[in-house]
Every structure is written in C-alpha cells, then in structure tokens.
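Colleague: coordinates only, sequence not included:
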C-alpha cells in the first residue's frame, strides 16, 4: 500500500484507502498499525467515494426502546455522567425532538467555537441519547467494511462458542443529538472498536495514547477517590468526564479530531477515548480484534461490581494463536478445559431483557439505563446514583477528598440475611416476627425505636440471649426534638411534658416494646392489653415502605391507608414528616425525592439481587461524614457492624462507620518541660541535640464549610468574627467566618475543638524551630532504630545555618479536599 493513502495533517492519522485497498478490512488495519496509528490510539478512515453503506436513509423504521437522558454533574472540568432511562420513542419522533428549539445545537462559527460552548454548558439542559440500539443500517449486499461481518479474530467467540454479545461482536446503533456524550473509557477487554457515522451532524473525539492510559487512571483515582475505592476499574462504568483543560493542567497528552458523515473511526486496544455529538446524527459501532490484541486482553482490568460487565476468558485465543504459551499454561494446570467451557462471557440475549434485569423503577419516578456492553461509544450510569441538591452528589471535585475504608462482605455478617424477618420477599411468618420483637426487647435501651440511637448491634448471639429489663428505662430520643416534623406546624405541635417519657409498653399481639414518648401513646390508648396501631387495625401483613425489614413499630402513612412505615425510618429520613408529631402519626412520605429511592444500600446490596426486592425500591439515608457517598437503609444501621446514628442537638447524624479515626498524638510520649535536653528533628531531616526553650498551647478548630469540605486545624486568628479582646473562643456549633489563604472569607460551622502543644527547640547553631511532640525525643523516650540512624553530631551541622519560620506565627494552610497539580504528574 502506498503512503499516498494517508493524510498527516493532524496528530490523529487520517487514511484514504483506494477501492482495492478497501476490500480487505483486516489487511488495511494491519497497514494502519504499520504506519503507527495505534500509538496515538485513534485513526480516521475515509472510504472511497464510490462506496456507500446504505443507498437510502429515508425509509428507516426503527424504535429506540431505551433512550437515556444524560445528566452531567460536577464542575471545574471534572464531571460524572448519570443516565436516566426514558420512555420508548420512534426514530421519527426522536429526530423531531433532536432538531427542536430545545435540543438543537447553538449557532457557532466553527468546530472550535462549538466545542467551547459544549464545555461551557455541559451541565445544563440534559440531552436525550438513543444509545445501544441493536441492529444495523448496512444494506445486506455490502461486503467491504460491513460492521456486522468484519471477519476479525473476535469472531472466534461466535464461531467456536456460539455466543453473541450485543455491541461487542454484533452491531449497535447510536442516535445522537447536540451535547450527547460518551464518557472516557476503553473498550471491554480493551478491544478494538470501529464506528461509522451514517448520517447527520459531526462527532468530536478525544483520545489518549495507550502508553498514557495508566497516567489517566492515576489522575482519575485522585480526582474521584471514592469511586475508585468502590471499584478499581471504575472507568468501566463509563461515567467519568474530564475536560481538555484538566488534562492539560495535569500534563496528560491527548488528541482531538472531528468525524464527519460517511467516515470511520477506529480505536485501538487500551486507548481511552471520549467525545460528543454536534447535533442529530446516527452512528453504527462494534468491537473487533487482531492477534495483537490478545496480549492486551490477557491483562485487561475487570469491573467486579457490575453484573453486566463483559468478561472473556482468553484461553481460546491463546490456544489458537499462541500455541507455545498454551502448552506452558497446560503444564501449570492440573486439568485441561475445553475452549467452550473456559469462555466466561456474560451472554445477553436482548436489550429488553438487559433493561429488565437492571436496577430500574417505573418511569413515573426515575429509572436508570443499564448499559451492558461495550462499543466505541458506550454510555452507562455510575454504580450509585445520588440525589439532587438536597442530597450529596457522588461527584468528586477539588474539595472532596474524603478517605474511606473498603467495604467487605465480612464486615456485614450481622445483617441476618438468613432470617425470614429480613427479606420482605419471603413467606411471612407472624410467630417468627413475635419471637424477634420479644428477643430484641431485652437489649438496652429495650425500646425498638431507641435501638436506632443506642448503636447496640443486633447479632445472632444477642438475639439468642435473654435478660431482665428496667421498666422505667428513659428514652434516648430527646424530648425537644421533632424529627421528621413538618416545619410549618412543628412549633404548633411541639412535644409537651405531659407524656411519661420513661414508661415502656409492650404490644399484646406483636410483642414490640416501645416508650410511650417514642411511639406517641396517649392516655386513651393506655391499658392492660395495649395494642399497637398495626395490631389494632388487624393489618398483620403490613410491611414498611421505607426498608426491607419486617418487625418493629409500624404506623400508617397519609397518602395510602394500606401503606405502613417504621417509626424509626420516618424519624431518620429527612423528607418524611409527622403531621401529628405528638402522637408520631399521620406520616407523610410524599416529599421523598425520586433520587433518594434510587440510592443503593451499602450493607444489603447482595440481598437486593432478589428479583422481588428489585421491584421494591426503598429509600436510603447517607453518611453525614464529609461527602461520603455511602448510603444505607435505616434498619440496616441496626443490623450492621459499623453504621451508627447519633443525635446532635436537633439533628440526626448517620455514619457508615468506615472512616479512619483521626490520628492522635501517642499518649505514651513523656512529659516535657522547659530547659530539657532532647533529640530534635532539624529542617534537613536529621536529628540533633537541642534544648526545649519554651512551650505554647494553641487551639485548633475543626470546621465544616458550607460546600461540605472539612478542615481539622483552623487557627483562632483565621476566624474573622472572633473578638480576641473578649477572651472567649467559639464553641462547637457556632457559625463562623474563616479567612482562607486565597484571601476569601468562607462560612463554616465549628464541629470540634482540640488543644495542641508546640515546643520551641533551640539548636546549637542558635536557630529556634517550633516542633510538635512527635518530632523530637527526650531521654525517657524509646528512640526507634530508624531515627537513631539519623542522629548527627552538631559539630558538623549540615545546612544548620538556615532557620525555619516560626510555626507559632505562620502556618501553611491546606484545606482538606484540595489537590496539588504535582500529585499526579509522572
């Protein structure tokens, strides 16, 4: 092939094959790689003018069964894409919608101008994408470069194993409109992909060379730490979007090109790519492979948290194309597997079935689009959908760098997943519920409502024990809190002192034990044979609409007399209101936003795989620590090993319990007084003999800012609305204004105060450095071996002619959640 078939006007190579060269797809891909296109990761191929994929596009009759509305959240060039499934729409209606005033592209002078408008408005006006439509627009008689029949190495999956994977070894159609986006991703199993733009407006592509892929992953894991802590292969979720500005900021090389109508785009193994559509168009895409891909497939990362992720066992390819390695592999194994048995692929028969098996709810609420397979333009929803502005969005930005610990199944063994009380999908057994309610009543504080706040974990061992109880145990739920009350009438219906807050009552039927105060029992309901509201109405099959848990104290809702909820669920979920808080009754759950119903419980996620439970969406509450994305059902808190709910004044603060505790100074440090000789750390990193000259104590304020970020060490002089003359420091709960190092004042709330001792250390060269206790050792301290190796003689002080700034006077501020641009450059 001649070099004339290639244009080199841009970094991304553009090829114009002749009619003869165009006949052999696999041979031409080999030629493209010989030219080095695979090093860029993306190539454009313009077919001969005589070649047409389809003679006429006017007679297309298609239905887009699962269009998705793309909602993009984030800021500063770092975004996360959420796909919300919409109703089925015909192609004609989709086209009318795409060219309407609401969705049509803005006026622009050129492609660069349109690109600027895309990134400027990326979070506004969610577009609709007709993605993942199984089918092809090729005429049946087209043989050359037919996406349905590429005859590549990947066809072995179908020939040898009789498996078809939609979008991987079969074609997918994508009907786009202005601003529809495919997020950064590589293909499933790091395959090749081919994308042909049948008709319509252009498509902008971004690509990162394969050899730079690891750098992008390190950058993304730093910018989105929580997501990558949940799933190390989070890019497989195809929901992260990083702008070119961010890539430039962190020195990640990328390339850009625009695909026009009638042009092919080819992506290469392990080449991250993303892009957006300029307007209404139609593209067709699939995956393919060459022998060069096999080595990529063997080391491709896998997403383990999504059941629809494509996984291919590489044994069949190694056996056929790398026989020597196959022999070595067999020598290391005790038994041999046939290629068909060793092929481990998620077989998906149809888009309809795939959507059915995904986590969806009715379109009246909001339903997520489940993207099962890969192609060059895949889109998918993130693993956990967060809520609107009232909830914390799982979008990592510069102020969200909260460290979490991994969640493992072993940490949640107390979820009682084998009891019929837990899953509402199992056969109901009232006697079993009575037995459970009675056993849990022997656990302090005995009241099944106060159990939520006591943080006593319900384990099988505890349920198997019996104990005596104090019939006058005071409730943990405070008298002056109207949790879940409607703000409009909370003042009018505040709890009175007439209730005997310490009296416990047991239902004569279901055996729940509650405080009169917690359950809202009035004088008219007190008697020797007291029955709870549920038992009085003889609604023995009642189940909570807000969780999957059976048992406990239930009350009716206002929107439906047949809908019941746990009192503890109503108290803990912010949008739920008691219209009669004095009696804890008339519970209104209509204000719960749809997005809260879509949150996934961290603790009972495995149980939700049950088909019956999938149809019963239950809202979750979220961890209140920083911007932690974890969510959980209220009753799961009681049965989990770690989660807790605490009452702070008039607020409920839930915690997933998986955050590392703040590091504290070791209490084993010996006491130090002025004038003592110590071994202290100097600025060069070595330790020298020195003297403690002075000791000072300062207060450090732990504050949370209005944007959710947290700082553990705000100094008193940084608090603007503090008057040092009054000699009164801010207290926990006070609202303050913090002057930050950028010269801007931020509103914050004090959540903690701690004292810190600082020691002025005098070295032999006369310099004085302020150090913390962990940075020097006295004669009574055990000096670690690695420290003793750093002790130097002060008669030869290296760099000891330079002094450090006094930490008592100045301090380098670092607001938690801000990242350094040097952290991710390699």
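Modeller: Perfect, I can see it now. Keep in mind it's a predicted model, so treat the numbers as computed, not measured.
Colleague: Now do the domain split for this protein, please.
Modeller: Domain assignment for the chain, taken from automatic domain parsing, gives 1-310+351-401, 313-344, 418-593, 662-826.
Colleague: weakest of these by average pLDDT?
Modeller: Least confidently modelled of the domains of the chain is domain 313-344, at a mean of 66 by mean pLDDT.
Colleague: what's the burial count for residue 23?
Modeller: The burial count assigned to residue 23 is 15, neighbours taken as other CB atoms under 10 Å. In this view, the C-beta of every residue, glycine as well, is placed from N, C-alpha and C.
Colleague: Quick one: residues contacting it.
Modeller: For residue 23, the contacting residues are residue 144, by CB atoms under 8 Å, 6 or more residues apart in numbering.
Colleague: if I look at it, how far off is residue 51?
Modeller: Applying CB to CB, to the nearest Å, the value for residue 23 to residue 51 is 10 Å.
Colleague: okay, and the common contacts of these two?
Modeller: Contact criterion CB under 8 Å, 6+ apart; residues shared by residue 23 and residue 51: residue 144.
Colleague: need the contact list for residue 738.
Modeller: Listed by CB under 8 Å, 6+ apart, the contact set of residue 738 reads 703, 705, 711, 714, 718, 719, 720, 745, 746, 747, 748.
Colleague: The residues you listed into TSV, with extra columns for distance to residue 562?
Modeller: Compiled in TSV, these are given as follows (distance: CB to CB, whole Å):
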residue	distance to residue 562
703	47
705	44
711	49
714	52
718	56
719	54
720	55
745	53
746	49
747	45
748	46
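Colleague: out of these, who's nearest residue 603?
Modeller: Closest to residue 603 out of the contacts of residue 738 is residue 705 (29.1 Å), distances taken as CB to CB.
Colleague: Which helix or which strand is home to the nearest residue to the closest one once chain neighbours are set aside?
Modeller: Here the nearest residue to residue 705 in space, its sequence neighbours aside, is residue 748; by CB to CB, 6 or more residues apart in numbering that works out to 4.8 Å. Counting by DSSP states H and E, the element that carries residue 748 is strand 745-763.
Colleague: Show me which residues of that strand are buried.
Modeller: With burial defined by 16 or more other CB atoms under 10 Å, the residues of strand 745-763 counted as buried are 746, 748, 750, 753, 758, 759, 760, 761, 762, 763.
Colleague: Tell me the secondary structure of the residue most central in space within the chain, please.
Modeller: In the chain, the C-alpha nearest the mean C-alpha coordinate belongs to residue 227, at 4.2 Å (CA atoms, centre = their mean). In three-state terms, and counting by DSSP: H, G, I helix; E, B strand; the rest coil, residue 227 is helix.
Colleague: Let me see the contact set for residue 88.
Modeller: By CB under 8 Å, 6+ apart, the residues touching residue 88 are 63, 64, 65, 66, 67.
Colleague: how near is it to residue 60?
Modeller: From residue 88 over to residue 60 (counting by CB to CB), the distance is 16 Å.
Colleague: and what of residue 777?
Modeller: When CB to CB is applied, the distance between residue 777 and residue 60 equals 79 Å.
Colleague: and the two? which has more neighbours close in?
Modeller: The neighbour comparison of residue 777 against residue 60 (other CB under 10 Å) goes to residue 777, with 22 against 16.
Colleague: now the helices for the stretch 201-350 of the chain?
Modeller: Remark: helices of the stretch 201-350 of the chain, listed N- to C-terminal, are 213-223, 225-230, 244-249, 293-298, 315-321, 323-332, 339-342; assignment by DSSP state H, counting those that start in this stretch.
Colleague: Any idea which of the ones you listed gets closest to residue 511?
Modeller: Between residue 511 and the helices of the stretch 201-350 of the chain, the shortest gap by CB to CB is with helix 225-230, which sits at 39.4 Å.
Colleague: what helices or strands is the closest one leaning on?
Modeller: Taking 3 or more CB pairs under 8 Å, 6 or more residues apart in numbering; DSSP states H and E as contact, there are no helices or strands that helix 225-230 lies on.
Colleague: how about stretch 732-746: buried residues?
Modeller: In stretch 732-746, residues buried by neighbour count (16+ other CB under 10 Å) are 736, 738, 746.
Colleague: Can I get the contacts of residue 88 in JSON lines including neighbour count and secondary structure?
Modeller: Rendered in JSON lines, the data for the contacts of residue 88 read as follows (neighbours: other CB atoms under 10 Å; DSSP: H, G, I helix; E, B strand; the rest coil):
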{"residue": "63", "neighbour count": "13", "secondary structure": "strand"}
{"residue": "64", "neighbour count": "23", "secondary structure": "strand"}
{"residue": "65", "neighbour count": "17", "secondary structure": "coil"}
{"residue": "66", "neighbour count": "24", "secondary structure": "coil"}
{"residue": "67", "neighbour count": "22", "secondary structure": "coil"}
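Colleague: What is the nearest of those residues to residue 300?
Modeller: Checking the contacts of residue 88 against residue 300 by CB to CB gives residue 66 as the nearest, at 26.5 Å.
Colleague: Residue 154 in helix, strand or coil?
Modeller: helix.
Colleague: in the stretch 551-700 of the chain, which spans are strands?
Modeller: Shown for the stretch 551-700 of the chain, the strands assigned by DSSP state E, counting those that start in this stretch span residues 554-556, 564-566, 577-580, 585-588, 621-622, 631-632, 644-648, 651-655, 677-681, 687-705.
Colleague: so which of the ones you listed gets nearest residue 263?
Modeller: When those are ranked by distance to residue 263, counting by CB to CB, first place goes to strand 631-632 at 43.9 Å.
Colleague: Let me see the mean pLDDT of the closest one.
Modeller: This predicted structure assigns strand 631-632 an average pLDDT of 87.
Colleague: Give the other helices and strands that it contacts.
Modeller: Identification of packing neighbours for strand 631-632 by 3+ CB pairs under 8 Å, 6+ apart yields strand 621-622.
Colleague: that older thread, let me have the contacts of residue 88 in CSV, extended by distance to residue 443.
Modeller: Formatted as CSV, the contacts of residue 88 follow (distance: CB to CB, whole Å):
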residue, distance to residue 443
63, 56
64, 54
65, 50
66, 47
67, 50
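Colleague: out of those residues, who's nearest residue 123?
Modeller: Ranked by distance to residue 123 (CB to CB), the contacts of residue 88 are led by residue 67 at 19.9 Å.
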